[in-house]
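Q: I would like to see how this sequence folds:
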Amino acid sequence: MNRLLTCISLVIVTLLQFSAVVHAGPLDDYYLQQFGEPQSAQLQKAVLSVSADVQESATCGMPLKKALRRDWNQLEQSTQKVLAKQLAYPALASEATFTSAAGHFVIHYSTTGTDAPPLLDQNNNGVPDWVETVAATFENVYATYGAKGYRPAPTLPAGSPFNIYLLDLAPQGFYGVTTSDQPAPSANYPNAYTSWMELDNNFTDAIYHPGTYTPLQSLQITAAHEYHHAIQYGYNYYFDTWYAEATSTWMEDELYDGVNQSYSYISNWFTQSKLALDTPVSTTTGGGYGRWIFNRYLSETHDPQGPPIIRSAWEKLASLNPSSSQKNVDGDIRMVPVLESLLSSTTYATTLGTDFFGFAKRVYTRDWATHKNEINMIHVYSPVATYSTYPVNDTVTLPHYSFAYYRFLPPPSSPDNLNITVTGTSGIKATAFIKSSGGIVTEYPFTTVNGTTTSIPYFSSSNEVVLLVANTTDVDNHQASFSTDGTPAPVTGPTIPTPTTSGSSSGGGGCFIATAAYGSYLHPQVELLRHFRDEHLLTNAPGRAFVALYYRCSPPLADFIARHPFLRGVTRVLLTPIIIAVVHPAASAAGLLLALALLYRPLRRRLSGADRRCWLTKRHYNSTTNTTPPASTTRLQTAETPCRRPNCCLTGSSFGVWSKETICCLIAAAFGST
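A: Down below sits the predicted model:
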């Protein structure tokens, strides 16, 4: 008994140690790494860490700064001291300033050191030519946004110039960074904030691809991108980061159409189209950056008939408060419900589901209405699977607002018609396209997906047939199955979680309890669990059932955990062995086998040794059955006289029958009771 308690105590102490390391270290190291600062050397790097993505191209630093401000209280004091400068105005060496011609911007720059911009001054006016170019570019951006009806980024005092700092941002991998500063509420904009901006000092480092884009082009798209972030802070501080990036990236091409750098982000979305529309910002998944092309679809569809749809979305967001809105995992207002509400208004009279399905179709048809000379820069559709042998039977489960393409190729001896039958849950829409050998595309829609069959003629002479399946709702795990022989598999509808305004809703992750325990969805262990869910649970029926149950039950529990620091600590302890198993599955399995091997001999001695009894004493038996034991159990039963209880799990003949007697027998064996 004492040895058992000692073992349990050691396990608890070990888990507490690991959970403490997991809680503080990785989140601190994450921010230190992202800002190019030295990281701590802690045990979790070897045991509980995952490798970071290698960044090959620069990105926007706004999401990171926004997350840092949100997670500030989760960081250790030593980390806060190192990173405090990231939330303060930069201190430049030998600082000089220049005010733009119209007075809307003040450019701060160094005259010495690595942060200094090119100091060439061909007009001999005492201001580097590059600094003047920066000022003129931002004035052009300011005027263009004003002409499009956007509210200027607020400043304090009102009407004062907006501050821009030129620094060497290449080591951090940023084009530019817009950082929130102070609340600046006004009528219709209760959550407006001021901001300031950092900009790379020359855009000549390799990370900016100067061989493809000139420094001026990089400056132009960065000015368009970052100043729109400043505008966004002026509409509502609690914006959803993925949509902020989607909008700013879209604006790059709207303001400086000839640069076309934004097209490089699209491929990572289209090749991973089974990810949700509001996937967190990432160049790897196309989250945020790649979603800008959806804004183009919305603009092409609605702007000719009414007010600009994207600006209207930001204006609608401006009046909302997090306390009365559906929030994402980081506490900001989810943009998907905002778009749903806007599109269903009388002004636009449609739904987000309808527009998303229309967009998914355009991914294949490529019949874009604007920027037609750039259509070839838009990544082509990417099929999830390609079939050339028949019959085909397949099933797909999709998160909210996502889509998947399936490609059918005619075999050498194929029938003239291809019949595709689709069965789907309530959120699924489907359509098929055939592309002739001459490249002409014809659509064959499914009016319903209740075992509906569509016959596509001329399959044998076609180039390809593709099937589009889309989840057109804000609910995860809608399912579709399809076949070419009329026998699609049954589908299972999702469990719909109750919407919440006080907790974390589906957009941006869904690991509610882990996010509550670790304090941020950016925490490396939360990201690790998200990847495990996507790669190992959502790919099979039992896993999907577990995720659906989790989504239904976990949001209220996560809210409760998040409000109680003690429960957050307990939850981290409970999650630690799971994280270790996910990071090191082989080592965990080996450790489990080793533990079982070490326990085997003492456990066997307890169960079958001459001095260890597997039996129910009169006291034990009476406590579980309230009856008098038979005579055969009134004496000690040794290994030579095995337990004869008919339902005891130790008799061999009825192993696995778990009754009260079985449980009591096990307890007696484990604790050596007699």
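
Q: now do the strands in the stretch 1-150 of the chain.
A: Using DSSP state E, counting those that start in this stretch, the strands of the stretch 1-150 of the chain run over residues 59-60, 95-99, 105-110.

Q: need the contact partners of the shortest one.
A: The one in question is strand 59-60. Applying CB atoms under 8 Å, 6 or more residues apart in numbering, the contact partners of strand 59-60 are 173-178, 225-226, 229, 245, 248, 283, 289. Heads up, the C-betas are built off the backbone N, CA and C, glycines and all.

Q: S262 in helix, strand or coil?
A: Classification of S262 by DSSP: H, G, I helix; E, B strand; the rest coil places it in helix.

Q: ok, it to E245 distance?
A: According to CB to CB, to the nearest Å, S262 and E245 sit 11 Å apart.

Q: okay, the nearest residue to A170 once chain neighbours are set aside and T576: tell me how far apart.
A: Nearest-residue entry for A170: D205, 3.8 Å, with adjacent residues in sequence omitted and distances by CB to CB, 6 or more residues apart in numbering. From D205 over to T576 the distance is 40 Å, taken as CB to CB.

Q: which stretches of the stretch 51-200 of the chain form helices?
A: 62-71, 77-83, 129-147 (DSSP state H, counting those that start in this stretch).

Q: possible to save those as JSON lines with distance to I107, mean neighbour count and mean pLDDT?
A: Formatted as JSON lines, the helices of the stretch 51-200 of the chain follow (distance: least, CB to CB, whole Å; neighbours: other CB atoms under 10 Å; pLDDT from 0 to 100):
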{"stretch": "helix 62-71", "distance to I107": "19", "mean neighbour count": "20", "mean pLDDT": "95"}
{"stretch": "helix 77-83", "distance to I107": "25", "mean neighbour count": "14", "mean pLDDT": "94"}
{"stretch": "helix 129-147", "distance to I107": "5", "mean neighbour count": "18", "mean pLDDT": "98"}
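
Q: thinking again about what came up before, who has more neighbours out of S262 and E245?
A: Neighbour tally, S262 and E245, criterion other CB atoms under 10 Å: the higher count belongs to E245, 28 against 24.

Q: show me where pLDDT drops low in the stretch 351-500 of the chain?
A: 496-500 (pLDDT under 70).

Q: show me the helices in it, by range?
A: Secondary structure of the stretch 351-500 of the chain (DSSP H, counting those that start in this stretch): helices at 352-365.

Q: quick one, strands of it?
A: Using DSSP E, counting those that start in this stretch, the strands of the stretch 351-500 of the chain run over 385-387, 393-398, 402-408, 418-424, 428-436, 441-445, 450-456, 462-471, 478-483.

Q: with F433 as the reference, name the closest of the helices of the stretch 51-200 of the chain.
A: Nearest of the helices of the stretch 51-200 of the chain to F433, taken as CB to CB: helix 62-71 at 35.8 Å.

Q: quick one: list the elements packing against the closest one.
A: helix 2-34, strand 174-183, helix 241-255 (3 or more CB pairs under 8 Å, 6 or more residues apart in numbering; DSSP states H and E).

Q: thinking again about what came up before, so which of the helices of the stretch 51-200 of the chain gets nearest A589?
A: Among those, helix 62-71 comes nearest to A589, with 33.6 Å by CB to CB.

Q: next one: that closest one to chain centre, how far?
A: Remark: helix 62-71 is offset 15 Å from the chain centroid, using CA atoms, centre = their mean, to the nearest Å.

Q: try stretch 181-197
A: 27 Å.

Q: for that stretch, measure first residue to last.
A: 10 Å (CA to CA, to the nearest Å).

Q: double-check S325 against M335; I have them as touching.
A: No. If you go by CB atoms under 8 Å, S325 and M335 don't touch, sitting 10.2 Å apart.

Q: the more surrounded of the two?
A: Using other CB under 10 Å, the more surrounded residue of S325 and M335 is M335, with 26 against 17.

Q: list the contacts of that one.
A: The contact partners of M335, by CB under 8 Å, 6+ apart, come to 239-240, 242-243, 278, 313, 317, 507.

Q: try 7 Å this time
A: Residues near M335 by CB atoms under 7 Å, 6 or more residues apart in numbering: 240, 243, 278.

Q: neighbour-wise, which of those residues leads?
A: Busiest of those [other CB under 10 Å] is Y243, holding 30 neighbours.

Q: from Y238, how far out is the nearest residue to that one once chain neighbours are set aside?
A: Computed as CB to CB, 6+ apart, the closest residue to Y243 that is not its neighbour in sequence is M335, at 3.9 Å. For M335, the distance to Y238 (CB to CB) stands at 10 Å.

Q: with R568 instead?
A: R568 is 23 Å from Y238, by CB to CB.

Q: compare the two (neighbour count), which wins?
A: Y238 (21 against 17).

Q: pretty sure that one sits against P322.
A: Yes. At 5.0 Å, Y238 counts as touching P322 under the criterion of CB atoms under 7 Å.

Q: joint contacts of those two?
A: I333.

Q: residue contacts, S481?
A: Counting by CB under 7 Å, 6+ apart, S481 has contacts 394-395, 423, 488-489, 491.

Q: could you identify which of those residues has the most neighbours?
A: For the contacts of S481, the largest neighbour count, defined by other CB under 10 Å, is 24 neighbours, found at P488.

Q: what's that one sitting at in phi/psi?
A: Torsion angles at P488 (phi, psi; degrees, to the nearest 10) stand at phi -70, psi 150.

Q: the one 5 residues further on too?
A: When read as degrees, to the nearest 10, the backbone of G493 gives phi -70, psi 150.

Q: ok, it touching G427?
A: No. With contact defined as CB under 7 Å, G493 does not reach G427; the gap is 8.6 Å.

Q: for the two, indicate the residue with more neighbours.
A: G427 (24 against 14).

Q: circling back to that earlier point, of the contacts of M335, closest to F403?
A: Using CB to CB, these come closest to F403 at D278, 14.0 Å.

Q: isn't the closest one up against T241?
A: No. The criterion here is CB under 7 Å, and D278 misses it with T241 at 9.5 Å.

Q: ok so, going back, would you list the strands of the stretch 351-500 of the chain in CSV and tack on distance to A369?
A: As requested, the strands of the stretch 351-500 of the chain are arranged in CSV below (distance: least, CB to CB, whole Å):
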stretch, distance to A369
strand 385-387, 29
strand 393-398, 27
strand 402-408, 20
strand 418-424, 29
strand 428-436, 19
strand 441-445, 16
strand 450-456, 27
strand 462-471, 20
strand 478-483, 29
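
Q: between those strands, which gets nearest to G126?
A: Taking CB to CB, strand 402-408 is the member of the strands of the stretch 351-500 of the chain nearest to G126, at 55.2 Å.

Q: residues making contact with that closest one?
A: Contacts for strand 402-408 (CB under 7 Å, 6+ apart): 273-277, 360, 364, 381-387, 394, 396, 398, 418, 464-471.

Q: in ChimeraX, how would I select just the buried ones from these?
A: Here is the ChimeraX command that selects the buried residues among those (16 or more other CB atoms under 10 Å):
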select :273,274,275,276,277,360,364,381,383,384,387,394,396,398,418,464,465,466,467,468,469,470,471
